[in-house]
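[1] Pasting the sequence and the predicted coordinates here, then a few questions.
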Amino acid sequence: MTRFLAQRLGGSVIVLLGLSVITFLLARVVPSNAAAVFIGPRARPDDIARVTEQLGLNRPLPVQYVTYMSQMLTGDWGISIGTKRPVLGEILSRLPATLELIVAAMLIAIPLGLLLGIMSARRPGSISDVGVRVVTLIGVSLPAFFLGLILQLIFFRGLDLLPLAGRIDSDLRFTAPILPVTGFLTVDALLGLNAHGFLDVMWHLVLPALTLAAYPIGLIARMTRASMLETMSRDYVRTARAYGIGERRIHGRLALRNALLPVLTIIGLVLAYSLTGTFFVEVVFNWPGLGTLAVKSILNVDYPAIMGITLFGAAFYLLVNLVVDVLQAWLDPRIRLA
Amino acid sequence: MSGERARTGALPITAEQPTTGTLPNTAEQPTTGTLPSTAEQLIRAAAPTPVLEIRGLRLAFQGEERRTVALDGIDLVIAPGEAVGVVGETGCGKTVTGLAAMRLLPASARLTADVLQFDGRDLLTLDDGALRRIRGAEVAMIFQNPTSAFNPVFTIGAQMADVLAAHDRERGDAARERIRIVMASVGMPDVERVMRAYPHQLSGGMLQRAMIATALLCRPRLIIADEPTTALDVTIAAQILALLRRLQLDEGFSVMLITHDLGVVRRVCDRVAVLYAGRVVESATTEALFAAPQHPYTRGLLAAVPRTSASSGPLQTIPGSVPTDIGSITGCAFAPRCPVVQDRCRAEAPWLRDLEPARAAACHFPGVSVVSA
Amino acid sequence: MAIAEAAGEQLARRRAPFPMRAFVRDPLAIIGSVIVLLLIVLAVLGPIIAPYPGARGTGQIDVPSAYLPPSLSHFFGTDELGRDVFSRVILGARPALVVSVLVVGFAMLIGVPLGAIAGYRRGRIDGLIMRTTDLFLAFPPLLLAMAIVAALGPGLEHAAIALIISWWPWYTRIARAVTVSLREQPFVDAARAIGVRDMTIIRRHIVPNSLSPLVVQATVDVGTVILAAGSLAFIGLGARPPQPDWGLMVADGRSVILDQWWVSTFPGLAIFVTVLAFNLVGDVLLRVLDPRHGR
């Protein structure tokens, strides 16, 4: 197990290095004039010359890369052209909002997806199975940004039930302010025993979280179903039946434990999807997270910010995959006790 | 019938002799569907109920487009305390016969039988709950590949305890004690370690012992062993077979041993049924079968076993291959490959009929090794 | 020669005919296929079918008729420039389909040979190719594409390039997996024993036999790429106005979504229905070509 861990960790580091190379190349090599891109669209020739010298853009590439990496590792991810503030700081300040959204979406998607998948695998071909398959198919085919707009249309304009956008009612800043501790408004509200604030934040979370959860629900349900069906055809299920073990126990415990292992991989994938998925959901719901920052940076051609976010996103994905792999290895006695 | 006698040169066919293998009948009539004679009925009333009685078992699988026939009329009877071998090549239907006896077939299976009884109880009409109570407790199955037969994410001990719990037997500490006792009886070394181990941590031989132990937990009356030693090394296989035989003789349960290996049958079984193309083509005591096989297929099988004596000569084979589409065969299924085939064989299928007490063959010309003019 | 016979038999058996009957009987497959066919028709005949195609095929501008709700003359209403939304949705089918098919096609062109070579040769080439593939797949979906488009500048062509670069690794992975399993087959050994060259083996035996998982993936991917391209356009990274890109249309209508809902809704529905159709077809293909995936 420890050997497996060491291997995976080592592999991840290598991949991270590779990613940094790609990001670096994208930032410095691909654009026609790296310096111009760095300063922004309003570059003047002498500015370009100055920046080129300053950033060492006329030095050989490997040297540039080393400088780039050493900067990254010390936390200097450059200055955002748009906000004139350090990129890393910008990313970190907006991270909690995005994470809160992702966590909320996952808390909905994982249990629901698993449940739907198990249900539909219990009686393949039945009405509930077909129903679940239709629903999940819709879930994976619906564009997130479109779903968000439709939900806003229905629940805000149509039913006047849920808020249109934002994380929290702006009035609350005066009436029941939430003291920022973690940056997660739900947690902070609870910590401050702010019931009013907590409910308001939850209310604002509903639509964006549902929007973000649609695709994961579909994916998890389909994968769970496929995995359950595959497991149910295994020899050991036949053995269990041959020894008089009831269908419910077979389905709900003996098969499920095996079927869940590949589903774990999907959950990793789904979390990764969520990262880019939040970009669109945040845009639609005006959610002040990483996504809106990313889109704004892209539109402003704010290069340092774009590259910083890209690398950050990739590193996050890598971390999630690592955790999922380790979890999977730990749950599977064949690997844990190898 | 006496006319047959001269031609076949076999032992005389006696009409009304009851056997444990089949019903007596006239030459042209199928074994299945005929009423037992009064003599038969009287003798059966006195004899103990067979542990397993199968007559006229037919099985087909209904696919989306086609219907595949797997069994075309199996007759098999296993008496209490008897070890019966079910022998045949791959594809002859021996495995599905075992599964059918436990009603463990997939949903696409279409099963019919004149008689399918376990211990006198009709398996065809029992509901799911009753079947579940029988499976694993009164009839237990041992599978071919012990490595895949166990659940990889649970310990052996846990899986065995599950079986006890499913049949409302011992739980908790009592269960663990029972498991220990049974494990000891199958000669399992280091019982505690094995109980806490996961399947992938144990060798094939140990897993098969564990499988046998699981089968013995609820003191079954019948153990169906489907190719129990095919996946094992030769030396381990020998141990497992010896173990199985010893346990059978000690505890007194019956065994249906499904295998393609005649050597296995010889070591473990009292009686043998030879299957070909979904039917029983010969049934006899082990001794009698090996000494004087009556069906040409059986003869071919025995001849094909490689011998290690000096005068072995070239390897004997049965030319041709096992038929794939049983449902569309007319005449004897073995006819295309039979060395003594006659026109009659191609026209009409022979039924399993008695040749003498405790002996039956499905052949128009049993015992013939050379065609006489 | 018995080996060659066996090999030939194996090959013949592997090229099983496409199970058309099973496919046709599935109602979901029919719905999906019909929609896909409809899409192709729209793509081909778009400018002819659309009621208000306009001079350049991007929709007839008619500012006085801006923001008209759906009616008999404008089935889907009009947008901020008075263009008929119904026409623009129809017109959008062509760029959506063309770009998507090109992206998937090129991704396969790059990915499949790489995967086949990696799986066939094994060893260092395999390691090199797969490390690179893993590297590209280590990016969360779409993030790499966004970064590339950011580097190249917005526009449909750049988006297409970015998507091709994001997508080829998937095909490499599939092709490699299939190649590795096929390589173990006896008929490959037989072919090599007779002296057939490696590339010929790959081309003539391995690639045709690996088609089924690739076809399934490609079918679903056409839909997914349409979704991805639409998403990129939504945040301004894909097609630029006045192109009738569905994602772009949704973005354009977003500012007025609460009152003039039709401007965003119908293009969004178009994307949804298209992706759904391809997913349906891919789903059924999967079940039909790979019976293990359960009924």
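    Sure, I can see it.

[2] any residue of stretch B:178-188 up close to chain A?
    No. Using CB under 8 Å from any CB of the partner chain, stretch B:178-188 stays clear of chain A, with a minimum separation of 13.7 Å. Just so you know, the C-beta spots here come from the backbone N, C-alpha and C atoms, and that holds for glycine as well.

[3] what is the mean pLDDT for that stretch?
    Average pLDDT, stretch B:178-188: 92.

[4] which other residues reach it?
    Identification of contacts with stretch B:178-188 by CB atoms under 8 Å, 6 or more residues apart in numbering or on different chains yields B:157, B:160-161, B:164, B:169-170, B:191, B:194-195, B:206, B:209-210, B:212-213, B:216-217, B:239, B:243, B:247.

[5] so of those residues, which ones are in helices?
    B:157, B:160-161, B:164, B:191, B:194-195, B:206, B:209-210, B:212-213, B:216, B:239, B:243, B:247 (DSSP state H).

[6] which ones are touching residue 254?
    The chain I'm using is chain A. A:236-237, A:240, A:245, B:151, B:154.

[7] Correction: the question concerned chain C.
    Contacts of residue C:254 by CB under 8 Å, 6+ apart are A:149, A:284, C:264.

[8] Near the closest residue to chain B within the stretch 151-300 of chain A, how many other residues are there?
    Nearest to chain B, among the residues of the stretch 151-300 of chain A, is residue A:243, at 3.2 Å (CB to the nearest CB). Neighbours of residue A:243 under the rule other CB atoms under 10 Å in any protein chain shown: 24.

[9] ok, now residue C:64?
    6.

[10] Let me know whether it touches residue C:81 as I believe.
    No. If you go by CB atoms under 8 Å, residue C:64 and residue C:81 don't touch, sitting 10.4 Å apart.

[11] where does chain A have its least confident helix or strand?
    helix A:34-39 (a mean of 62; mean pLDDT, DSSP states H and E).

[12] And for chain C?
    That would be, for chain C by mean pLDDT, DSSP H and E, helix C:2-14 at a mean of 46.

[13] Now the residue in the stretch 1-150 of chain A that chain C sits nearest to: which helix or strand?
    The nearest approach of the stretch 1-150 of chain A to chain C comes at residue A:146, 3.6 Å away (CB to the nearest CB). Using DSSP states H and E, residue A:146 maps to helix A:144-152.

[14] what comes into contact with that helix?
    With CB under 8 Å, 6+ apart as the criterion, helix A:144-152 contacts A:162, A:164-165, A:207-208, A:210-212, A:214-215, A:277, A:280-281, A:283-285, C:231, C:234, C:250, C:254, C:257-258, C:264-265, C:268-269, C:271-272.

[15] mind listing what residue 95 touches?
    No chain in the question, so chain A it is. Counting by CB under 8 Å, 6+ apart, residue A:95 has contacts A:183, A:289-290.

[16] hmm, I had chain C in mind actually
    C:156, C:239, C:243-245.

[17] Residue A:80 now?
    A:86-87, A:90, A:297, A:302, A:304-305.

[18] For the closest residue to it other than its chain neighbours, report the pLDDT, please.
    Leaving aside its sequence neighbours, residue A:80 sits nearest to residue A:305 (CB to CB, 6 or more residues apart in numbering or on different chains; 4.4 Å). Model confidence at residue A:305, given as pLDDT, is 84.

[19] For the stretch 51-200 of chain B, list the residues in contact with chain C, please.
    B:64-65.

[20] Can you pull out the low-pLDDT segments for chain B?
    B:1-46, B:307-312, B:369-373 (pLDDT under 70).

[21] Provide a complete list of residue ranges assigned to helices in it.
    Here chain B has its helices, by DSSP H, at B:2-8, B:38-46, B:94-101, B:128-134, B:146-149, B:156-166, B:172-185, B:191-196, B:204-216, B:234-251, B:262-268, B:286-291, B:296-304, B:343-347.

[22] And chain A, is stretch B:223-243 touching that?
    No. Stretch B:223-243 lies out of reach of chain A by CB under 8 Å from any CB, never closer than 8.9 Å.

[23] of all of chain B, which residue lies closest to chain C?
    residue B:64 (6.7 Å).

[24] For residue A:193, grab the count of nearby residues.
    8.

[25] That one and residue B:182, how far apart?
    60 Å (CB to CB, to the nearest Å).

[26] same check, this time on residue A:241
    On the measure of CB to CB, residue A:241 and residue B:182 end up 21 Å apart.

[27] Residue ranges in the chain under the pLDDT threshold?
    Reading this off chain A. In chain A (pLDDT under 70), the answer is A:29-43, A:51, A:53-58, A:338.

[28] try again with chain C
    For chain C (pLDDT under 70), the answer is C:1-25, C:202, C:206-207, C:290-295.

[29] show me where it has helices.
    C:2-14, C:20-25, C:27-49, C:85-121, C:123-137, C:143-152, C:156-183, C:186-194, C:198-201, C:207-209, C:211-234, C:246-254, C:262-289.

[30] ok so, going back, going through the contacts of helix A:144-152, which ones are buried?
    Taking 16 or more other CB atoms under 10 Å in any protein chain shown as the criterion, what is buried in the contacts of helix A:144-152 is A:162, A:207-208, A:210-212, A:214-215, A:277, A:280-281, A:283-285, C:231, C:234, C:250, C:254, C:257, C:264-265, C:268-269, C:271-272.

[31] Show me what from the stretch 101-250 of chain A comes close to chain B.
    So the stretch 101-250 of chain A meets chain B at A:234-236, A:238-246, A:249 (CB under 8 Å from any CB).

[32] and chain C, which of the residues you listed contact it?
    Applying CB under 8 Å from any CB to those, none is adjacent to chain C.

[33] Neighbour-wise, which one of the residues you listed leads?
    residue A:240 (27 neighbours).

[34] Please tell me how far that residue sits from residue C:95.
    Residue A:240 is 54 Å from residue C:95, by CB to CB.

[35] Would you point out which residue is most central in the chain?
    Since you didn't name a chain, this refers to chain A. In chain A, the residue lying closest to the centroid (CA atoms, centre = their mean) is residue A:275, at 2.6 Å.

[36] look at chain C instead
    residue C:222 (1.3 Å).

[37] Tell me who's in contact with that residue.
    Residue C:222 touches C:97, C:100-101, C:104, C:278, counting by CB under 8 Å, 6+ apart.

[38] how much space is there between the nearest residue to it once chain neighbours are set aside and residue C:245?
    Among residues not flanking residue C:222 along the chain, residue C:100 sits closest, at 4.9 Å (CB to CB, 6+ apart). From residue C:100 across to residue C:245, the span is 12 Å (CB to CB).

[39] Which residues of the stretch 51-200 of chain B lie near chain A?
    B:102, B:104, B:132-137, B:140-141, B:143, B:145, B:148-154, B:162-163, B:166-167, B:198, B:200.

[40] and residue B:257, bridged to which residues?
    According to DSSP bridges, the partner residues bridging residue B:257 are residue B:85, residue B:225.

[41] Tell me how many other residues crowd it.
    Neighbours of residue B:257 using other CB under 10 Å come to 30.

[42] Isn't it up against residue B:86?
    Yes. Using CB under 8 Å, residue B:257 is in contact with residue B:86, at 6.9 Å.

[43] before we move on, the earlier item: in the contacts of residue C:95, find the pair that's most separated.
    C:156 and C:244 (11.4 Å; CB to CB).

[44] Wait, residue A:156 touches residue A:204, no?
    No. Using CB under 8 Å, residue A:156 is not in contact with residue A:204, being 11.4 Å away.

[45] list the residues that contact both of these two?
    residue A:163.

[46] which of the two has more neighbours?
    Just comparing residue A:156 and residue A:204: by other CB under 10 Å the higher neighbour count belongs to residue A:204, 21 against 17.

[47] helices and strands around the helix or strand hosting that one, which ones?
    Secondary structure from DSSP H and E places residue A:204 in helix A:195-232. Contacts defined by 3 or more CB pairs under 8 Å, 6 or more residues apart in numbering or on different chains; DSSP states H and E place helix A:195-232 against helix A:87-122, helix A:127-141, helix A:144-152, helix A:172-175, helix A:185-191, helix A:256-285.
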